[in-house]
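[1] Model the following, please.
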Amino acid sequence: MHNLALALSAKGDEVTGSDDTIFEPSASRLQQKGLFPKEMGWFPQKITLDLDAVILGMHAKGDNPELLKAQDLGLTIYSYPEFLYQQSKDKTRVVIGGSHGKTTITSMILHVMGDHDRDLDFMVGAQLEGFDTMVRLTQHNDFMLLEGDEYLSSALDLRPKFHWYQPNIALLSGIAWDHINVFPTFEDYCHQFKLFIEQITPGGALVYNDQDPVLKTLVETTDHPIKKYPYSAAPHVIVDGETFLETAEGPMPVAIFGQHNLSNLEGARWVCQLMGIDAEDFYEAIVSFKGASKRLEKLADRKNFKLFKDFAHAPSKVSATTQAVKAQYPNFNLTACLELHTYSSLNEEFIAQYRGALDAADTAVVFYTPEALALKNRPVIPAEAIVEAFGRPDLVVITDPQELSLYLKVIDREQTALLLMSSGNYGGLDLTALADGQ
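    Model (predicted):
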């Protein structure tokens, strides 16, 4: 939401907003542009007939006093994705969807287009190097690139966000059940992607990962009149911990690695081709792509010790990331540490979805804090239940942040790769000290 405010202000619109708390870096960035609210909280008197529209973020609930005032006055109220559609309905909309890889693929496309001076509007889910905001809106650009999230639109609109966008060009990276608090069954979750496919503009294009059997079936059985472009991982080789793409121009080194990232790369290549970038120009640009923020960030890279941090927390992402690091460094001892932090991962009924997710690691560690469960009014999950769910009798389960810090500090650092995976902060773990060997 704060990125949307910055983008609208940059476009010349007058923007105001409210929230009950604003974290960094959002707060500083809003302050720099004079958009930070004078007071925290909700003030119905701010809502007047002078407003052209109200844009409702997911943080505001149905009983929000400013929202109620806007409804009473009959103001136009948009959800975040609905507003983005209104801003892009006269453009060619390119939507990147799927349970995993959305941000990385969107980032790759933006990197390649920027490298070739192709200007476009966009909305992406992570802060990117070289970009001031995660949202860009203009009057003149022909393309709008959108990361298509399947989470809900707003308190008033319980449709998935990506159902709003009606893409001309779409990509689906795969389907792995997530957001169980919203989609209680796998069938319900898959149905959202079926609806997304049916909302691609007739005659439009769908690029899809045909290595995902569920997605492959959905795409190949639809009778919706669209063009279909299947993809899988880009051909590559790994030499001494470095990945090289096999291209018509010869081997090309890339900074990213892992089957999932090389699949993301191939999907991005297809989308860029549909946007007018040929393969040779794509490869020329992608060699300088370092990865999306929080995705397999390399924190330490010494001869005998590698440290990676990744945003992975859903079972399919944890499995793919663990396999990627092991494949990249097959002769290293891989210690993979996963923090259970999200609503899904702290659900004892769902946790069995993680079975096998850490199998590629030589040593597997699962960390969570009882406090995280208490915040969600959930009972403590016994260590033996976690061991059983992951299917690894040797799984190390840690619930104390100090114990985790000590455990990671004393692991053998000779010929070792350490992978940390979480959407949280590992109980306040000092990652800089860990990378420095302290």
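
[2] And for stretch 175-190, what's in contact with it?
    98-100, 150-152, 192-193, 212, 214-215, 218, 314-317, 343-344, 347, 350, 353 (CB atoms under 8 Å, 6 or more residues apart in numbering). All C-beta atoms are positioned from the backbone trio N, CA, C, and that covers glycine.

[3] at 7 Å instead, please
    Here stretch 175-190 makes contact (CB atoms under 7 Å, 6 or more residues apart in numbering) with 99-100, 150-152, 192-193, 212, 214-215, 218, 314-316, 343-344, 347, 350, 353.

[4] got it, and stretch 245-258?
    234-237, 242-244, 265, 280, 283, 286-287, 289-291, 320-321, 324, 327-328.

[5] Return the set of buried residues in stretch 167-187.
    Residues of stretch 167-187 classed as buried: 167-180, 183 (neighbour count, 16 or more other CB atoms under 10 Å).

[6] Only alpha carbons, please: show stretch 349-362 as PDB.
    Output of stretch 349-362 as PDB, limited to C-alpha atoms (Å, rounded to 0.1, in the frame of the first residue of the first chain):
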ATOM      1  CA  GLU A 349      -3.100 -30.500  11.000                       C
ATOM      2  CA  PHE A 350      -1.100 -28.900   8.100                       C
ATOM      3  CA  ILE A 351       2.400 -29.700   9.200                       C
ATOM      4  CA  ALA A 352       2.300 -33.200   7.600                       C
ATOM      5  CA  GLN A 353       2.600 -31.300   4.300                       C
ATOM      6  CA  TYR A 354       6.300 -30.800   5.100                       C
ATOM      7  CA  ARG A 355       7.100 -34.500   4.900                       C
ATOM      8  CA  GLY A 356      10.300 -35.000   3.000                       C
ATOM      9  CA  ALA A 357      10.800 -31.200   2.500                       C
ATOM     10  CA  LEU A 358      14.200 -31.300   4.300                       C
ATOM     11  CA  ASP A 359      15.400 -34.700   3.000                       C
ATOM     12  CA  ALA A 360      18.100 -33.200   0.700                       C
ATOM     13  CA  ALA A 361      19.900 -31.800   3.800                       C
ATOM     14  CA  ASP A 362      22.500 -33.700   5.600                       C
END
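
[7] which residues are in contact with it?
    177, 180, 315, 318-319, 322-323, 326, 333-336, 338, 344-345, 364, 386, 389-392.

[8] Excluding sequence neighbours, find me the nearest residue to I47.
    Nearest residue to I47, sequence neighbours excluded (CB to CB, 6 or more residues apart in numbering): K69, at 4.1 Å.

[9] sorry, that was for T322
    Closest to T322 by CB to CB, 6+ apart is A360, at 4.5 Å.

[10] next one: phi and psi at the one you found?
    phi -70, psi -20 (degrees, to the nearest 10).

[11] And the buried residues of stretch 167-187, which is closest to D430?
    D178 (29.6 Å; CB to CB).

[12] Give me the pLDDT for that closest one.
    pLDDT recorded at D178 is 66.

[13] Flag the shaky bits of the chain, pLDDT-wise.
    178-179, 181, 293, 342-345, 375-376, 438 (pLDDT under 70).

[14] And the strands in the stretch 201-350 of the chain?
    205-209, 227-231, 236-239, 242-247, 250-254, 297-302, 305-310, 333-339 (DSSP state E, counting those that start in this stretch).

[15] same for the last one, what does it pack against?
    Packing contacts for strand 333-339, counted by 3 or more CB pairs under 7 Å, 6 or more residues apart in numbering; DSSP states H and E, involve helix 315-328, strand 363-367, strand 416-421.

[16] With mean neighbour count and distance to M134 added, can I get the ones you listed in TSV?
    Below are the helices and strands packed on strand 333-339 laid out as TSV (neighbours: other CB atoms under 10 Å; distance: least, CB to CB, whole Å):
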stretch	mean neighbour count	distance to M134
helix 315-328	22	20
strand 363-367	23	29
strand 416-421	24	23
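
[17] center of the protein - which residue?
    T103 (4.6 Å; CA atoms, centre = their mean).

[18] Secondary structure element holding that residue?
    Following DSSP states H and E, one finds T103 within helix 102-115.

[19] From the chain's centroid, how far away is that helix?
    13 Å (CA atoms, centre = their mean, to the nearest Å).

[20] And the next helix or strand past that helix?
    Immediately after helix 102-115, counting by DSSP H and E, sits strand 121-123.

[21] buried ones in stretch 157-167?
    157, 159-167.

[22] and the longest helix belonging to the chain, what does it pack onto?
    Identified as the longest helix of the chain according to DSSP state H is helix 259-274. Under the contact definition 3+ CB pairs under 7 Å, 6+ apart, helix 259-274 sits against helix 102-115, strand 169-172, strand 205-209, strand 227-231, helix 279-286, helix 315-328.

[23] Let me have those in a markdown table, adding distance to Q139 as columns.
    A markdown table is the format used below for the helices and strands packed on helix 259-274 (distance: least, CB to CB, whole Å):
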| stretch | distance to Q139 |
| --- | --- |
| helix 102-115 | 19 |
| strand 169-172 | 21 |
| strand 205-209 | 25 |
| strand 227-231 | 29 |
| helix 279-286 | 26 |
| helix 315-328 | 37 |
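
[24] Enumerate the positions of the helix holding T103 that are buried.
    Buried residues in helix 102-115 (16+ other CB under 10 Å): 102-113, 115.

[25] From V135, how far out is D90?
    Distance of D90 to V135, computed by CB to CB, to the nearest Å: 18 Å.

[26] what's the answer for L245, then?
    With CB to CB as the criterion, L245 and V135 are 31 Å apart.

[27] So this protein: which segments form each domain?
    2-75, 89-286, 297-435 (automatic domain parsing).

[28] Turn those domains into JSON lines, including distance to E82.
    Converted to JSON lines, these look like this (distance: least, CB to CB, whole Å):
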{"stretch": "domain 2-75", "distance to E82": "9"}
{"stretch": "domain 89-286", "distance to E82": "5"}
{"stretch": "domain 297-435", "distance to E82": "25"}
